[in-house]
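Q: sequence and predicted structure, then a few things I'm wondering about:
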Amino acid sequence: MEIYLPIAEQSMNVFVLLGLGAAAGLLAGMFGVGGGFLATPLLIFVGIPPAVAVASQANQVVANSISSLQVQWRRGNVDLRMGLVLLLGGMLGSTAGVSLFTYLKEIGQIDFVIAVLYVVLLSTIGALMLFESLRTYLRRRRNPEAPRGKLHTHYLVHRLPLKLRFYKSKLYISALLPIGLGFAIGVLSAILGVGGGFVLVPAMIYLLGMPTGVVIGTSNFQILFVAANVTFLQAATNGTVDVVLALLLILGGVVGAPIGSRVAAKLPGVVLRGLMALLILAVAAELLTELLRTPSSLYSLGTREVLQ
Amino acid sequence: MTGRRPIAVLVLAVACLLSAGMAPAQGPRVEPPAGGLRQLPSGQTDPSTPPSVPAEPSTPELIVDLSRARVSITSAFHGESLLLFGMFDPPGEVVVVVGGPPAREMVLRKQRVLGLWLNTGRQSFDDVPAYYAIAASQPLQRLLARGAGGEILSLEDRLSTIKPVGERDAARLAQFRAGLVEVKRREGLYPAAIGQVTVQAGRLFRVELPLPSRLPEGVYEIRTYLLREGKIVAAVSRPLPVGKVGFNAQLAGWADNEGPLYGLGAIVMALLVGWIGGAVMRRI
């Protein structure tokens, strides 16, 4: 069944879009990250213009994060203070990111930048996660009783000015670090159409040293507002948010997410992280081949302006 | 359905004839082509003119209608085929040219840089038709051989008139022009084949015009020509508006004109569906 997408200006199979949303939701449920990093490249593969894919995906992230935040908030897993500091950076970053996006679109390089950023980001994170989960797995097999060592020493964090006390996270660190982190995630969110959870969650654990219990809820809190900001700015400046496309992705995700969390409950964490690492690496490899392979056509069309 | 169509066409054509006779302002515009009448061979009489009518030379009749007055892009739109049909005074051949609204298009070209393919070259052209299709009742080269070429343009001729922005290097422009055709072909906007106009009973004609799913909006122009011995003796121009309708039109209109409001609406929609959907699915 085909449906016409009014902003993408083309028709698409409804079930393909619902399926993509469900796949993203499945990931969200399994790994606690948005799944946007998978959905956006796939939308581009099926022929949605990158500008529309990124902006509409940001809209989907809003729905995805409110859905998870509902649960996290009730369980008290949100460090509101940390969330607000992150959000300050996130708002600045996503606003800057949308301007950068608009500029790259005008000079015709947005597709390339999106692809390269995804390759760099996904291969780095995928490799790190795979390495980490393999090491944990092997260590546990060799010595199941060994206590987990300290993950990070926070020498830099403690020297920066503007220190703030984050009670819930049991941290006393400079506010500049979460602001900077929020800013970087905001830029990524605007250019790639992702919530950025797959970068933010590890960064909060390893870089800020936050306790894992509050990480997912707090990142969801920041992602919700950053994604809403990206949606608003993309709609206001570029007019590229396709609500019909977003709605189909959201509906798919609503069905996929609970299935994902049920699967996740049955698998051990190490296996789960290993699987996710492999998936991330596969998407990165696919994007890299797209960049390296001789394209079937050298030509494409940029913007079309009707002169009055 | 297919069996009844020719009859319906005939009835419509007759109705058009009658209405054109009574209220010419409402019928399709019949334009006397520039010099068309003067070019008629002197000895030829119009066979449709009854002997009682004074043998004053008049424009041969050419009546054209479309299966739809406009192309409506609804939620179910995934491209469609538009039927153009009509009637003409024999003898003659019919050529139909469909041109989409002209715009400035930017063509991008990829090049390998350090092993990666990225857009390095770009060239804009003005006056590029969004869509361009030709249909004819006979092979086009034969019809155009004798000088109607100035008015009826093949795709290649039409594209030779598009104006490059800036660049002067002819070889480079030719490459980008070819690239433009390649992309438009892929999207179905410049159909590669010349469409077939079928003629029935020597005077009724019809042709299916293929319109793809990625059809740009705007007012298209459909020009129908009647050719005799390679010369245009009658021409009819019909505008064809292509646009989104209903819900699609409203959404696209909001997105264009009320961007911030549309953005807020999109956020509220996502919050509601995400909240309710999440709550419902957790119960199941």
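A: Looks like it came in fine.

Q: tell me the helix or strand right after the top helix by length along chain A.
A: Determined from DSSP state H, the single longest helix within chain A is helix A:110-142. Along the chain past helix A:110-142, the next helix or strand (assigned with DSSP states H and E) turns out to be strand A:163-166.

Q: the stretch 151-284 of chain B against chain A: which residues are in contact?
A: When proximity is defined by C-beta under 8 Å from any C-beta of the partner chain, the stretch 151-284 of chain B lies next to chain A at B:176, B:179-180, B:182-184, B:186, B:213-214, B:216, B:218, B:244, B:247-249, B:251-252, B:255-256, B:259-260, B:262-267, B:269-271, B:273-275, B:277-282, B:284. Bear in mind the C-beta positions are built from the backbone N, C-alpha and C, glycine included.

Q: PyMOL command for the buried members of those?
A: Written as a PyMOL command, the selection of buried residues from those, which uses 16 or more other C-beta atoms under 10 Å in any protein chain shown, is:
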select buried, chain B and resi 176+179+180+183+184+213+216+218+244+248+249+251+252+255+259+262+263+264+265+266+267+269+270+271+273+274+277+278+281
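
Q: so which of the residues of the stretch 151-284 of chain B next to chain A belong to helices?
A: Among those, the members falling in helices are B:176, B:179-180, B:182-184, B:186, B:247-249, B:251-252, B:255-256, B:259-260, B:262-267, B:269-271, B:273-275, B:277-282 (criterion: DSSP H).

Q: now do the same for residue A:147: its pLDDT.
A: The per-residue pLDDT reported for residue A:147 equals 51.

Q: need the residues of the stretch 151-300 of chain A near chain B, please.
A: Counting by C-beta under 8 Å from any C-beta, the stretch 151-300 of chain A sits next to chain B at A:228, A:231-237, A:239, A:241, A:243-244, A:246-247, A:250-251, A:253-255, A:257-258, A:291-295, A:297-300.

Q: hey, where'd the strands end up in the chain?
A: Just going to use chain A. The residue ranges that make up the strands of chain A, judged by DSSP state E, are A:2-5, A:10-13, A:163-166, A:171-174, A:299-305.

Q: that answer is for a different chain, and I need it for chain B
A: Taking DSSP E as the criterion, chain B carries its strands at B:29-31, B:62-66, B:71-73, B:80-88, B:93-99, B:102-113, B:116-129, B:132-136, B:163-164, B:195-196, B:198-200, B:204-211, B:218-228, B:231-244.

Q: okay, those strands in CSV with distance to residue A:271 next?
A: Shown next, in CSV, are the strands of chain B (distance: least, C-beta to C-beta, whole Å):
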stretch, distance to residue A:271
strand B:29-31, 73
strand B:62-66, 62
strand B:71-73, 48
strand B:80-88, 50
strand B:93-99, 59
strand B:102-113, 40
strand B:116-129, 35
strand B:132-136, 57
strand B:163-164, 58
strand B:195-196, 59
strand B:198-200, 65
strand B:204-211, 51
strand B:218-228, 55
strand B:231-244, 48
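
Q: can you pull out the low-pLDDT segments for the stretch 101-250 of chain A?
A: Per-residue confidence of the stretch 101-250 of chain A (counting by pLDDT under 70) places the weak regions at A:143-162.

Q: go again with 50.
A: Under the criterion pLDDT under 50, the flagged ranges of the stretch 101-250 of chain A are A:151-152.

Q: follow-up on the earlier one: got the buried residues for the longest helix of chain A?
A: Going through helix A:110-142 with 16+ other C-beta under 10 Å, the ones that come out buried are A:110-116, A:118-119, A:121-123, A:125-126, A:129-130, A:132-133.

Q: tell me how far stretch B:253-263 lies from the chain's centre.
A: Centroid separation for stretch B:253-263 versus its chain: 30 Å, with C-alpha atoms, centre = their mean, to the nearest Å.
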